[in-house]
Every structure is written in C-alpha cells, then in structure tokens.
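S.K.: Could you work out the structure for the sequence below:
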Amino acid sequence: MKRNLALFEFPFNLGLTKKEHEIEPGVRKLPDWLKELRFHERISPAHIYRLGAPNYTMNFDKETGVKNPDQIIEYAKKQSEIILNNFDKNTFNIILGGDCSILIGTAIALKKLGNFGLFYLDGHTDYILPKLSPSGGAAGMDLAIVCGLGHEKLTNIDNQKPYFLEENIFCVGNAETDDEEYVGEIINSKINYFDLYELRKNGFRKTSEDFLKLIDEKNLDGFFIHFDVDVLNDKIMPCVDSRMEDGIDYENLKEILQPLIHNEKCFGIEITILDPDYDQNGEYTLPFIENLIKIINNED
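M.R.: Down below sits the predicted model:
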C-alpha cells in the first residue's frame, strides 16, 4: 500500500438481533480480536480511531419498523463526525465493525465529502424494507437505508438523503437467491446487481474493473468498499451471523479487491460481521488476516 493507512474501530452491534443462546452479538469484539491477532501491528496504521458503542438492546420501534433506531442514528452521526474530522485524501481508511449498519455513518460522511460510489461485497443484498425483514435488524437493511429506502429518520440523517445513488452502486456476491420476493427488491432497483452466480460468470476481477469504469465515466469523487465476510465460503468463514453454504474463496477475494483497494479513488474498506465468539482459537480469523494483509500490500 503506497498510501498512509488509518484504522477506524466501530464495534457497534445494535443492528443485529441476537440468537437465543447469545447474550449479545459478538461482532462488537472484532476490532479487539484482530488487534490481539496482530492485524493492527502488521498493517501499521498511521492513526487509530475508536468510537465506543452503546450497550446492546433489542428495542423494536413501530414507527421505523427497525430495532434500536435512535441508537443507530446517534452512533451514525458520531461516526460520520469522526471520519470527517480525520479525513485526508492521501490516506486509505480501514473501518472495522461491528455489524453492517455501520455503513450508515460512513455513507453520511461520504455524502458530505462529495459524490461517491459503493462496491457492496456481501453474501446478502441487505436491500429490503422493514416489512420484509423477519428480525427488524438494520444490518439486514443497510443497503436499502443508504439508498434512501425506509423511514426518513434513518434515510435522511442531517438532510443528506440519499447517501448513495443506486446507479453508482455495485451489489456483488449475494448467495440468498432462492427467495424471489427478497431478490426482487434489488432486481427492480437501479443498482448494478451481480449475485454469486453472475459474479462467477462475469469474472471476479472483471466485475471490479467494470465498477471502476463506472466511477471514471461518471467522474465520481471516489468510492467505498463494504465487505461483509459472510460473502466468503462457509468452509473458510463460518463465524458469521447468517451463514450461507456457498461463497467466494480467498483467491476470488484477491481478484475482486486488489484492483479496487489500489485505485487512487478508493476511500477505504469496511469489514463487518466476523464474530470472534465463533472462532475462539483463531482457526478462521488467522487465515483471513493473512489473506487480507497480502491484498492490502498487493502481494501475490
């Protein structure tokens, strides 16, 4: 990586609904877990910033149809402020969740900085309205929210709606393709959509290159990468909230991320949903770190 690195820790988990056996979703432990496994030390960021998260709750709000909306909104505002206060165009930003709802705070910051694209790499689309969500968790609706779908309280924070334009988004890697109503939402949007099977057909590197062409053709100010680790095959990354059997491998991930991360217009990447509670000896996280560092360092 030729640019300086900044690391942001956002250990927020209120966008997820806890499982019956859980006290709370363990994704909030990810930044500390990666630090314990020497990720921070090995990438050697110039700066590390952290925003502590509120205590976990599961308060369903009838008005928005989402759990914990007030905490999500408050956190997103603070998160956006931290990102903006520490913005440097010559820095590549690595953002650690937390759950996928942390995209909202970053999206607000980017909207205030200009017109940005989004490469949404995820094993799910997360593009649904609350009426289709069985859990009410914002982490399963975050792509819809940042596109302006949903209640104004969440979609129009600081009067910035929409945070991203749908036509400037690639949604890549969804493996939950058997639910027609779920998939229909994104198919009927303006988002450039490649489910897991279309991704393989189009080519991993080519899909990223197609996205970069869009960024250049539209002369966007930059773009951001959302990376939910549940897009990885369950055999190499089972420690996630919503497991899907199929997914990409680390070679595929390298083909996707290397052209994006090393493009000068890339603002950064967020990493979400890896739950240390399901990987207590590091069996899956350690190979993940190795492969991610190779991608960041542009190593073969």
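S.K.: Check this structure for its longest helix and report it.
M.R.: Ordering each helix of the chain by length in residues (DSSP state H) puts helix 69-85 first.
S.K.: Mind listing what's buried along that helix?
M.R.: Buried residues in helix 69-85, counted by 16 or more other CB atoms under 10 Å: 69, 71-73, 75-76, 79-80, 82-83. Where you see a C-beta, it was placed from the backbone N, CA and C, and this is true even at glycine.
S.K.: Could you do stretch 178-192 as well?
M.R.: For stretch 178-192, by 16+ other CB under 10 Å, it's 182-183, 185-186, 189, 191-192.
S.K.: Please convert these to CSV, extending it with secondary structure.
M.R.: Shown next, in CSV, are the buried residues of stretch 178-192 (DSSP: H, G, I helix; E, B strand; the rest coil):
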residue, secondary structure
182, helix
183, helix
185, helix
186, helix
189, coil
191, coil
192, strand
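S.K.: So residue 293 sits against residue 40, correct?
M.R.: No. Using CB atoms under 8 Å, residue 293 makes no contact with residue 40, being 11.1 Å away.
S.K.: Compare those two and say which one has the larger neighbour count.
M.R.: Legend: neighbour count by other CB atoms under 10 Å for residue 293 and residue 40, higher for residue 40 (18 against 15).
S.K.: Quick check: chain neighbours aside, which residue is closest to residue 259?
M.R.: Distance criterion CB to CB, 6 or more residues apart in numbering; nearest residue to residue 259, sequence neighbours excluded, is residue 208 at 4.5 Å.
S.K.: That neighbour is in what secondary structure piece?
M.R.: For residue 208, the host element (DSSP states H and E) is helix 204-217.
S.K.: list the contacts for the closest residue to residue 260 other than its chain neighbours?
M.R.: In space, residue 260 comes closest to residue 208 once its chain neighbours are excluded; the distance is 5.2 Å by CB to CB, 6+ apart. For residue 208, the contact set (CB atoms under 8 Å, 6 or more residues apart in numbering) comprises 119, 255-257, 259-260.
S.K.: In stretch 98-115, which residues are buried?
M.R.: Neighbour counts over stretch 98-115 (16+ other CB under 10 Å) mark 98-111 as buried.
S.K.: Let's test this: mean pLDDT of it, rounded?
M.R.: Averaged over stretch 98-115, pLDDT sits at 98.
S.K.: Name the SS class of residue 111, please.
M.R.: Look at residue 111: counting by three-state DSSP, its state is helix.
S.K.: show me where the chain has strands.
M.R.: For the chain, applying DSSP state E gives strands covering 4-9, 47-50, 60-61, 66-67, 91-96, 116-121, 169-172, 192-194, 222-228, 266-272.
S.K.: Can I get those in a markdown table including distance to residue 242?
M.R.: Listed next are the strands of the chain as a markdown table, based on distance: least, CB to CB, whole Å:
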| stretch | distance to residue 242 |
| --- | --- |
| strand 4-9 | 23 |
| strand 47-50 | 26 |
| strand 60-61 | 19 |
| strand 66-67 | 15 |
| strand 91-96 | 19 |
| strand 116-121 | 15 |
| strand 169-172 | 16 |
| strand 192-194 | 19 |
| strand 222-228 | 9 |
| strand 266-272 | 12 |
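S.K.: among the ones you listed, which is nearest residue 34?
M.R.: Proximity to residue 34 (CB to CB) singles out strand 91-96 among the strands of the chain, at 6.5 Å.
S.K.: List the contacts of the most centrally placed residue in the chain.
M.R.: By CA atoms, centre = their mean, the chain has its centre lying nearest to residue 226, at 3.2 Å. Listed by CB under 8 Å, 6+ apart, the contact partners of residue 226 are 100, 103, 118-122, 143, 269-270, 272.
S.K.: Show me which pair in those is furthest apart.
M.R.: Spanning the widest gap among these are 143 and 269, at 15.8 Å by CB to CB.
S.K.: neighbours of residue 256, just the number please.
M.R.: For residue 256, the tally of surrounding residues (other CB under 10 Å) stands at 27.
S.K.: Spatially nearest residue to residue 92 (excluding sequence neighbours)?
M.R.: residue 3 (4.6 Å).
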